[in-house]
Every structure is written in C-alpha cells, then in structure tokens.
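Sequence first, then the predicted structure, then my questions.
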Amino acid sequence: MKNMKVLIVEDEPFAQQELKRLLSATNGDITVLGCIDSIEETVAWLRSNPLPDLIFLDIQLSDGLSFEIFKQEQILCPVIFTTAFDEYAIQAFKVNSIDYLLKPIKQAELNAALEKFDKVRESYQLKTQATFDFSQIEQLLSTARKEYKSRFIARVGDQIKHIDIEDVAWFYAEDNVVFMVTKTNNRYIIDYTLDQVSLQLDPKRFFRINRSYIAAIQNIGKVSRYFNGRLLIEINPAAQEQVFVSRAKAQEFIEWLDN
C-alpha cells in the first residue's frame with residue numbers, strides 16, 4: 001500500500017480518531033486527507049478537492065444516510081463502508097463497494113480490507129461506482145430495521161435496570177459516552193454508540209437531531225428558526241445546552257414533525 005490517500009466520512013469524533021489510529025498502525029503509507037461528519041460537508045469537499053484513492057464511509061451520518069452523497073455527486077473511487085448494521089443488512093455492499101467494516105472496527109479486519117483494495121487498485125473500473133445500486137441496499141436496510149427496541153438496559157452501580165422505550169425522552173452523546181434521559185429526568189449510561197441507538201429506534205417516534213442528540217416526538221417542544229438556516233428546539237426535560245437542527249437537516253425534521 002504505497003502513497004494511499006484516504007478520506008474518512010464519520011460523524012462520531014471518537015470513531016474518527018479510532019479509525020485514524022488503526023490506519024496508522026498498518027504497514028501502509030497512508031495519508032488521511034480529512035475527517036468529515038455530514039452529507040453537506042462531504043459533498044462540498046468532493047466538489048473542491050481531487051478524489052482520494054479510497055473513502056471510508058459511515059452509513060448513518062448526522063444529517064441522514066450517506067447514500068445521499070452519491071445522489072448529489074458522482075464518486076468515481078472505491079468505498080469501504082463502516083457501519084453498525086448487522087451482516088444480513090449489508091450483503092449488498094460486497095457487490096457495490098470494495099468492502100465493509102462492522103463497528104467496532106478491528107485491526108485485522110481493516111488490514112484485510114486494505115489488502116483487498118490494494119489487489120484491485122490498478123484494475124478498478126471507474127464505472128463500478130456509477131452503477132451503485134442504492135435501491136437494493138436501502139431495501140435490505142429497511143427489512144433489517146422492522147423490529148425496533150422496546151427497552152434498554154442501563155447499569156446503576158452494581159445493578160442492572162431496564163427502561164421501557166415509552167419512558168425515554170432523549171439520548172445524547174458526551175465525551176464518547178451515550179446517555180439515556182427519561183421523561184422523569186433520570187440519566188443513565190448505556191453501552192451503545194449514538195449510531196447504534198439510532199438504528200434500533202422507530203423513526204416515526206425518534207429523530208436524530210444532530211450528531212449528539214436523538215429525541216422522542218412527545219418530548220420536543222418549541223421549534224424556532226435560527227441563524228444560518230438552523231432550527232433551535234426545546235426538548236423536555238430540558239438539556240443543559242442549546243440544541244440545534246442543522247440547515248441540511250431542517251426540512252427533513254419539519255417533515256418528520258408533520259408526518
């Protein structure tokens with residue numbers, strides 16, 4: 001793997017740093033051109049920079065599914081998907097991309113994916129990405145997500161407590177720890193990333209507001225338009241900081257409220 005330039009598209013800072021660490025631990029000469037956390041910023045980067053040799057692409061980004069990037073910009077380079085989806089849901093990626101890595105990413109699996117990329121690098125056909133089959137993948141993902149979580153397990157000292165999903169107001173991530181907040185304003189640490197939580201929730205009841213917050217529809221209060229096209233929202237119980245919906249996701253959020 002000589003002079004490989006890669007782009008990381010991942011909305012969780014800890015996952016970005018972990019992937020960079022794993023890449024640096026390989027035997028290859030790999031340069032990370034950047035770490036991007038949203039569809040909007042990725043499209044802007046691709047339009048203003050030469051294509052990298054390889055893109056590591058998370059499926060679930062802060063402003064939606066990363067497939068939207070391909071719909072806005074033609075990507076004529078290989079992609080390795082990083083995802084929290086189970087293996088059944090991502091079989092199509094074997095056909096449409098170089099490989100996929102299931103989170104949490106393991107060093108051996110990353111090395112194997114890079115070796116696979118290195119073998120096909122020179123013979124890679126650019127037309128492959130132009131015929132990316134989104135419909136097949138999205139159908140598999142939809143099938144895999146029909147069953148949603150009805151409760152979460154939280155640890156309180158030496159005890160294990162189960163919380164019904166009807167009692168959950170919102171989730172948030174802080175310093176690589178994910179908290180679950182109940183309607184009675186109790187906070188519990190849960191052993192999931194926010195991406196993993198998002199995949200297990202009914203999208204009719206919960207919305208991924210940004211890369212740090214997921215809220216239940218019943219616990220969203222006043223919504224106000226804010227600077228630069230963002231939305232300022234009130235969640236109940238109240239958060240300790242202002243919570244914004246990005247400009248890129250504002251219309252989707254409004255449509256979700258109106259659904």
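Perfect, I can see it now.

can you map out the strands along the stretch 1-150 of the chain?
Secondary structure of the stretch 1-150 of the chain, counting by DSSP state E, counting those that start in this stretch: strands at 4-9, 30-36, 54-58, 60-61, 64-65, 79-83, 99-102.

For this structure, which element, helix or strand, carries the lowest mean pLDDT?
Each helix and strand of the chain was given a mean pLDDT (mean pLDDT, DSSP states H and E); the minimum falls on helix 127-130 at a mean of 45.

follow-up on the earlier one: for the strands of the stretch 1-150 of the chain, give me CSV that also has mean neighbour count and mean pLDDT.
For every residue, glycine as well, the C-beta is placed using N, CA and C. Converted to CSV, the strands of the stretch 1-150 of the chain look like this (neighbours: other Cβ atoms under 10 Å; pLDDT from 0 to 100):
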stretch, mean neighbour count, mean pLDDT
strand 4-9, 21, 94
strand 30-36, 17, 95
strand 54-58, 25, 92
strand 60-61, 24, 81
strand 64-65, 16, 78
strand 79-83, 23, 85
strand 99-102, 19, 80
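
Can you add distance to L199 and give those back as JSON lines?
Rendered in JSON lines, the data for the strands of the stretch 1-150 of the chain read as follows (distance: least, Cβ to Cβ, whole Å):
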{"stretch": "strand 4-9", "distance to L199": "17"}
{"stretch": "strand 30-36", "distance to L199": "21"}
{"stretch": "strand 54-58", "distance to L199": "12"}
{"stretch": "strand 60-61", "distance to L199": "7"}
{"stretch": "strand 64-65", "distance to L199": "11"}
{"stretch": "strand 79-83", "distance to L199": "9"}
{"stretch": "strand 99-102", "distance to L199": "12"}
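
What's the separation between R155 and I190?
Taking Cβ to Cβ, to the nearest Å as the criterion, R155 is separated from I190 by 8 Å.

Settle it for me: which of the two has more neighbours?
Per other Cβ atoms under 10 Å, whichever of R155 and I190 has more neighbours is I190, with 18 against 12.

Low-confidence regions, the stretch 151-259 of the chain specifically.
Low-confidence regions of the stretch 151-259 of the chain, defined by pLDDT under 70, are absent; no residue qualifies.

can you give me the helices in the stretch 51-200 of the chain?
For the stretch 51-200 of the chain, the helices defined by DSSP state H, counting those that start in this stretch occupy 67-72, 93-96, 107-120, 127-130, 134-144, 194-199.

Out of those, point me to the one whose mean pLDDT is lowest.
For the helices of the stretch 51-200 of the chain, mean pLDDT drops lowest on helix 127-130, to a mean of 45.

Looking at the strands of the stretch 1-150 of the chain, which is nearest to A216?
Across those, A216 has its closest neighbour in strand 60-61 (18.2 Å, Cβ to Cβ).

Give me the residues contacting that closest one.
The contact list for strand 60-61 (Cβ atoms under 8 Å, 6 or more residues apart in numbering) reads 9-11, 37-39, 42, 66, 83-84, 195, 198-199, 208, 211.

ok, those residues vs S24, which is closest?
Distance to S24 across the contacts of strand 60-61 (Cβ to Cβ) is lowest for E10, with 15.7 Å.

quick one: pLDDT of the closest one?
pLDDT for E10: 92.
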